[in-house]
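S.K.: turn this into a structure:
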Amino acid sequence: MSRYVCEVCGWVYDEEKGLPDKGIVAGTKFSELPDGFECELCGVGKDQFTEEK
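M.R.: Predicted coordinates for the structure are as follows:
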């Protein structure tokens, strides 16, 4: 499982945890998130995230 960091504000999407309160179950890959997915803090799209190394 990977973590993806918002390049704008630093918020992290963790595939292992998902976002259960938003209906995204634990284990959901970043690539499987809906196209309309937005950063929880600043609202930018998936194209503004990079995989954490």
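S.K.: what sits against the residue nearest the centre of the chain?
M.R.: Geometric centre of the chain, nearest residue: Y13, 3.4 Å, by CA atoms, centre = their mean. By CB atoms under 8 Å, 6 or more residues apart in numbering, the contact set of Y13 is 3-4, 6, 19, 30, 33, 49. For every residue, glycine as well, the C-beta is placed using N, CA and C.
S.K.: tell me which element it falls in.
M.R.: strand 12-14 (DSSP states H and E).
S.K.: could you point out which element follows that strand?
M.R.: In N-to-C order, the element after strand 12-14 by DSSP H and E is strand 49-51.
S.K.: elements contacting that following strand?
M.R.: strand 3-6 (3 or more CB pairs under 8 Å, 6 or more residues apart in numbering; DSSP states H and E).
S.K.: ok, the strand it packs on: who's next to it in the sheet?
M.R.: Counting by DSSP bridges, the strands paired with strand 3-6 are strand 12-14 (antiparallel), strand 49-51 (antiparallel).
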